[in-house]
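1. here is a sequence together with a model predicted from it:
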Amino acid sequence: MNLFVYGTLMDKEIFQIVAGERSSSDQAVLPGYIRKQVIGEVYPAIIQQSEHEVSGILYYNLSKTALNRLDHFEGDQYDRCPVRVSLRNGRFVGAQVYVFAEKSKQRLAPEEWDYQTFLNGGKELFLRGYSGFRELNQKQNS
């Protein structure tokens, strides 16, 4: 299964920690969505919004184990949904993406999330403080 990511998982180090595997990848664009900051967090969420698009990374051929780990990591505030993303060569490819669940939308900030800002300071905070990493390791070891 292919997975389009648009936030913290664009960082290959974080992706490998969470998915538990490496995957080949390409830059891609998801039309019809907008990426917003989640209030009080260093990570984003996307929601449908026509006339917008989200740049990200498409990871190819993830195993069922990796997807289970990613589902656990994203939790119930996101829904994994089928989409079609555009590659740099203009080709469209089917993928899955984590979209902010309807029940979580009140947690979205008005401003858009910026990947470079995340890399410049948020990544370190995320790696140090995100409790989901510990939960993934406990789940894997049980």
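-> Thanks, I have the structure now. Numbers count the residues shown, from 1 in each chain.
2. out of the helices and strands in this protein, which is least certain?
-> helix 132-141 (a mean of 54; mean pLDDT, DSSP states H and E).
3. for the chain, which spans come out with low pLDDT?
-> Filtered on pLDDT under 70, the chain yields the residue ranges 130-142.
4. if Q96 is in a bridge, with which residues?
-> Q96 has the following beta-bridge partners by DSSP bridges: L3, P82.
5. give the contact list for it.
-> M1, N2, L3, F4, L67, R80, C81, P82, V83 (Cβ atoms under 8 Å, 6 or more residues apart in numbering). To be clear about C-beta, it is placed using only N, CA and C from the backbone, and glycine gets the same treatment.
6. identify the farthest-apart pair in the residues you listed.
-> Using Cβ to Cβ, the contacts of Q96 reach their maximum pairwise distance at L67 and V83, which is 15.0 Å.
7. among the two, which residue is more densely surrounded?
-> Neighbour totals were compared for L67 and V83, and V83 leads with 20 against 15 (other Cβ atoms under 10 Å).
8. right, and that one touches Y6 too?
-> No. With contact defined as Cβ atoms under 8 Å, V83 does not count as touching Y6 (10.8 Å).
9. mind listing the helices for the chain?
-> In the chain, the segments counted as helices under DSSP state H are 12-19, 64-74, 115-117, 123-129, 132-141.
10. can you lay out the ones you listed as TSV showing distance to R107?
-> As requested, the helices of the chain are exported to TSV (distance: least, Cβ to Cβ, whole Å):
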stretch	distance to R107
helix 12-19	20
helix 64-74	14
helix 115-117	19
helix 123-129	17
helix 132-141	16
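11. nearest to L58, of the ones you listed?
-> Closest approach to L58 among the helices of the chain is made by helix 12-19 (11.7 Å; Cβ to Cβ).
12. ok so, going back, buried only: go through the contacts of Q96 for me.
-> Those of the contacts of Q96 that meet the buried threshold are M1, N2, L3, F4, V83, by 16 or more other Cβ atoms under 10 Å.
13. which one of those is nearest to Y59?
-> L3 (4.9 Å).
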